[in-house]
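Asks: Structure for this input, please:
(chains A and B)
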Protein chains: 2
Amino acid sequence: MEKIVIAIDTMGTDNGSAYFVQGIAEAMDLYDDLSFIVTGKEEELKTYIDQYGCDKTRIEVVDATEEITCHDAPVDAIRRKKNSSMVLALNAVKEGRAAACISGGNSGALLAGGQFLVGRAKGVKRTPLAPLIPHRYGSSLLIDCGANVDAKPENLVQFAKMGSIYMKNIEGIENPRVGIINIGAEDEKGNELVKSTIPLLRECKDINFIGSVESRDIPNGPADVLVCEAFVGNVLLKFFEGLGKMFMAEIKDTLKSSVKTKIGGALIYKPIKKTFKRYMADDKGGAPLLGLKGLVVKIHGNSKDTEVRSAIEQCRNFVKKDVTNQIIRTFVEEENKGEN
Amino acid sequence: MEKIVIAIDTMGTDNGSAYFVQGIAEAMDLYDDLSFIVTGKEEELKTYIDQYGCDKTRIEVVDATEEITCHDAPVDAIRRKKNSSMVLALNAVKEGRAAACISGGNSGALLAGGQFLVGRAKGVKRTPLAPLIPHRYGSSLLIDCGANVDAKPENLVQFAKMGSIYMKNIEGIENPRVGIINIGAEDEKGNELVKSTIPLLRECKDINFIGSVESRDIPNGPADVLVCEAFVGNVLLKFFEGLGKMFMAEIKDTLKSSVKTKIGGALIYKPIKKTFKRYMADDKGGAPLLGLKGLVVKIHGNSKDTEVRSAIEQCRNFVKKDVTNQIIRTFVEEENKGEN
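Replies: Numbering: from 1, shown residues only, chains lettered A, B, ... in the order given. Got it, this is the predicted structure:
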């Protein structure tokens, strides 16, 4: 049995390290092939490991004497805080001791660390952050939502290919539909970047490109992979989050507005909350940073055991399906073709 | 008493012309200083004018023998369909017979027609489409959501100024807060366009620039004017629309899911629907296309009498406050300063 080692950064989040250990314990019970390198406050972690009854032969604790917080400047933090839990976890991937790394800490620092420490896979020009966003009938991969803005058409084409490989292997979607986020349905619509990218995507024979997707249609799930430049992706992703919270808050206020709505509210609040939760939680794991030599997964800072366990499963799938090498093979083949 | 003439294009929408005439009738009753040039199907319009008892001395009907539909290519439609209701209404503004024009037709054609027929006001480099988007405590002007993408920093600075003038005069907000939509709170975050624009906005003494706004905060109303490039604005605006519909549809489904939720749903559905309606309707009028020699307002294709009346009030305010000339004065003064 192939052993899969996953590094987990347990600091820099809202909820402390207990949920991480709990998620690890759950994953250990489910999968015999997993073992872990856990970075964080050693004593605290050891207490939780005892508490959740983890198999200690499958978990290595690495003490972190520094912490990268949400206030740290990303690149600077990665360079200076060499003993932080995040850098220690990323280094485990860099040095080949772990195949993947999960963190709920400072997003910018994780993106920077992924690039600088783990490094880009051969042939990959840019490493996109690609969260799944829920729609009415499933989820779409929004690629790129990262920190590297002002992409070029060739970057977007690579995103489309990496996204397709991811959705096929991790979400089990055969021939994933790839759309490009645009301000109109026709090929001649869009900004310079989108208009230059569309013909390149139409030429790709290894993806199922369906054309432009207008943002108003995203909730209906017209594509499995939604390609966009990182500024646009980031703005869309955060607007989704903000609007979800706003509508939920408005519903709460409305239910409190009269005796009648209070009675009705008592009957429907839980199911409504559950419906909204589907749009806000990470039951599919975290957002993968694609195109690196190993997998880096960003989970929310307020993740609980379920999200941690989902992200672990996501990493396991990624490694078992050999997604990194599939990506490398795709781009190296292209480079070779280009050279002929 | 100064007379204000407003041109109204009654074709190219989902609901036909009756709601337009009804909205005009309501506005006529409220304001003695208004009169109208109405373009569309003459006979049909005359029937509705009788039906709603409009004062015929204050309404001129112009027969349109052509219609611009949502399937027409914008620029082409404006050039070829010279007898369409939209072109006739825009020409009324161009020729100075009307001060403003309202249309619910093809957005792209209206934007193109505004530029080609009405024309840019002196000193204005780009004419942005600037809808109000609702937040929890009011509304923000999202400027630009139009069709002219890939703006320059100087365009965004003009949007900030035009937006401030609009929000002060039309929404009555003293010293409107101006934010730029960005992917982080700090000045060094963003794409090239945003990073180049921020220092220019910080230098402007005639606006109240508060810095970057992340899209997740937009629902909390951190700024009265949200400056962005049109691709980003368009994508955000349409995502808002799509997500509003999606959450409403999810709520409907949830309320139908059990006997308990059906009972609760009967008590709360109307108030919830009302809450959501605030986020989807245009009780503040339509989206103004700013920086033209006259005002052009885009309303939704499914607008009813209330939205038409609101848009008329918006036009009346715009003219009475002399917003066009305020914009011209701002930019002409700047040009003169620049030349000294």
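
Asks: which stretches of the stretch 201-340 of chain A form helices?
Replies: Ranges of helices within the stretch 201-340 of chain A are A:230-255, A:259-280, A:305-320, A:323-339, based on DSSP state H, counting those that start in this stretch.

Asks: I'd like those laid out as JSON lines, including mean neighbour count, mean pLDDT and distance to residue B:170.
Replies: To be clear about C-beta, it is placed using only N, CA and C from the backbone, and glycine gets the same treatment. Rendered in JSON lines, the data for the helices of the stretch 201-340 of chain A read as follows (neighbours: other CB atoms under 10 Å in any protein chain shown; pLDDT from 0 to 100; distance: least, CB to CB, whole Å):
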{"stretch": "helix A:230-255", "mean neighbour count": "21", "mean pLDDT": "93", "distance to residue B:170": "24"}
{"stretch": "helix A:259-280", "mean neighbour count": "17", "mean pLDDT": "88", "distance to residue B:170": "34"}
{"stretch": "helix A:305-320", "mean neighbour count": "22", "mean pLDDT": "95", "distance to residue B:170": "45"}
{"stretch": "helix A:323-339", "mean neighbour count": "14", "mean pLDDT": "85", "distance to residue B:170": "52"}
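
Asks: And those helices: which comes nearest residue B:244?
Replies: The minimum distance between residue B:244 and these falls on helix A:230-255, with 7.7 Å, by CB to CB.

Asks: Of all the helices of the stretch 201-340 of chain A, which one comes closest to residue B:83?
Replies: Between residue B:83 and these, the shortest gap by CB to CB is with helix A:230-255, which sits at 39.4 Å.

Asks: Can you check what angle separates that closest one from helix A:259-280?
Replies: Angle of helix A:230-255 versus helix A:259-280, following axes from the mean of the first three to the mean of the last three CA atoms, to 10 degrees, is 160 degrees.

Asks: Is there any residue in helix A:230-255 that contacts chain B?
Replies: Yes - contact of helix A:230-255 with chain B is found when judged by CB under 8 Å from any CB of the partner chain, involving A:230-232, A:234-236, A:238-247, A:249-251, A:253-255.

Asks: before we move on, back to that, including distance to residue B:336, could the helices of the stretch 201-340 of chain A go into TSV?
Replies: As requested, the helices of the stretch 201-340 of chain A are arranged in TSV below (distance: least, CB to CB, whole Å):
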stretch	distance to residue B:336
helix A:230-255	35
helix A:259-280	52
helix A:305-320	59
helix A:323-339	54
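
Asks: residues touching the closest residue to chain B within the stretch 1-150 of chain A, list them.
Replies: Using CB to the nearest CB, the point where the stretch 1-150 of chain A gets nearest to chain B is residue A:149, with a distance of 4.1 Å. The neighbours of residue A:149, taking CB atoms under 8 Å, 6 or more residues apart in numbering or on different chains as the test, are A:229-231, A:234, B:183, B:190-192.

Asks: how would you label it: helix, strand or coil?
Replies: Reducing the assignment at residue A:149 to three states with DSSP: H, G, I helix; E, B strand; the rest coil gives coil.

Asks: Could you measure from it over to residue B:160?
Replies: Between residue A:149 and residue B:160 the distance, using CB to CB, to the nearest Å, works out to 21 Å.

Asks: cool, and residue A:252?
Replies: Distance from residue A:252 to residue B:160, counting by CB to CB: 34 Å.

Asks: do the same with residue A:87
Replies: 40 Å.

Asks: what do you get for residue A:134?
Replies: When CB to CB is applied, the distance between residue A:134 and residue B:160 equals 35 Å.

Asks: The two: which is more packed in?
Replies: When residue A:134 and residue B:160 are compared on other CB atoms under 10 Å in any protein chain shown, the one with more neighbours turns out to be residue B:160, at 26 against 20.

Asks: That one reaches residue B:206, doesn't it?
Replies: No - under the criterion of CB atoms under 8 Å, residue B:160 makes no contact with residue B:206, lying 9.5 Å away.

Asks: show me what contacts residue A:192?
Replies: Applying CB under 8 Å, 6+ apart, the residues contacting residue A:192 are B:149-150.

Asks: Check the gap between it and residue B:194 for me.
Replies: Residue A:192 sits 17 Å away from residue B:194, going by CB to CB.

Asks: Near chain B, which residues of the stretch 1-150 of chain A are found?
Replies: Along the stretch 1-150 of chain A, the residues adjacent to chain B under the rule CB under 8 Å from any CB are A:108, A:135-136, A:147, A:149-150.

Asks: List the residues that contact the residue nearest the centre of chain A.
Replies: Centroid-nearest residue in chain A: residue A:287, 0.5 Å away (criterion: CA atoms, centre = their mean). For residue A:287, the contacting residues are A:129-132, A:145, A:297-299, by CB under 8 Å, 6+ apart.

Asks: I'd like the domain boundaries of chain A, if you could list them.
Replies: A:1-124+A:291-340, A:131-249 (automatic domain parsing).

Asks: Just send these back as CSV, with distance to residue B:272 too.
Replies: Supplementary listing: the domains of chain A in CSV, determined by distance: least, CB to CB, whole Å:
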stretch, distance to residue B:272
domain A:1-124+A:291-340, 27
domain A:131-249, 10
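
Asks: Go through those and name the closest to residue B:34.
Replies: When these are compared for distance to residue B:34 using CB to CB, the nearest one is domain A:131-249, at 33.7 Å.

Asks: start to end distance for that closest one?
Replies: In terms of CA to CA, to the nearest Å, the two terminal residues of domain A:131-249 are separated by 24 Å.

Asks: Tell me the secondary structure of residue A:145, please.
Replies: Going by three-state DSSP, the state assigned to residue A:145 is coil.

Asks: hang on, I meant residue A:101
Replies: Three states are possible here, and by three-state DSSP the one that applies to residue A:101 is strand.

Asks: what sits opposite it in the beta ladder?
Replies: Judged by DSSP bridges, the bridge partners of residue A:101 are residue A:7, residue A:296.

Asks: mind checking pLDDT for it?
Replies: As predicted, residue A:101 sits at a pLDDT of 97.

Asks: Give the rounded mean pLDDT of stretch A:3-15.
Replies: The predicted model gives stretch A:3-15 an average pLDDT of 94.

Asks: got the buried residues for it?
Replies: Residues of stretch A:3-15 classed as buried under the neighbour-count rule (16 or more other CB atoms under 10 Å in any protein chain shown) are A:4-13.

Asks: thinking again about what came up before, where does confidence bottom out across the residues of the stretch 1-150 of chain A next to chain B?
Replies: Looking at pLDDT alone, these dip lowest at residue A:147, where the score is 83.

Asks: so what's that one up against?
Replies: By CB under 8 Å, 6+ apart, the residues touching residue A:147 are A:74, A:107-108, A:111-112, A:129, A:230, A:234, B:183.

Asks: Just to be sure, which of these are found in helices?
Replies: Secondary structure assignment by DSSP state H places A:74, A:107-108, A:111-112, A:230, A:234 of the contacts of residue A:147 in helices.

Asks: farthest pair in these?
Replies: Farthest apart among the ones in helices among the contacts of residue A:147 by CB to CB are A:112 and A:234. That separation is 15.1 Å.

Asks: Which residues does stretch A:150-158 contact?
Replies: Taking contacts as CB under 8 Å, 6+ apart, the residues outside stretch A:150-158 that touch it are A:124-126, A:128, A:144, A:159, A:180, A:193, A:196-197, A:200-201, A:204, A:227-231, A:291, A:331, B:191-192.

Asks: Strands of the stretch 51-200 of chain A, start to end?
Replies: Counting by DSSP state E, counting those that start in this stretch, the stretch 51-200 of chain A has strands at residues A:59-63, A:100-103, A:132-135, A:138-143, A:177-182.

Asks: Format those strands as CSV; extra columns: distance to residue B:91.
Replies: Output for the strands of the stretch 51-200 of chain A, formatted as CSV (distance: least, CB to CB, whole Å):
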stretch, distance to residue B:91
strand A:59-63, 74
strand A:100-103, 60
strand A:132-135, 43
strand A:138-143, 44
strand A:177-182, 32
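
Asks: so of these, which one's packed in deepest?
Replies: Among the strands of the stretch 51-200 of chain A, judged by mean count of other CB atoms under 10 Å in any protein chain shown, the one packed with the most neighbours on average is strand A:100-103 (a mean of 30).

Asks: Right, I'll leave it there.
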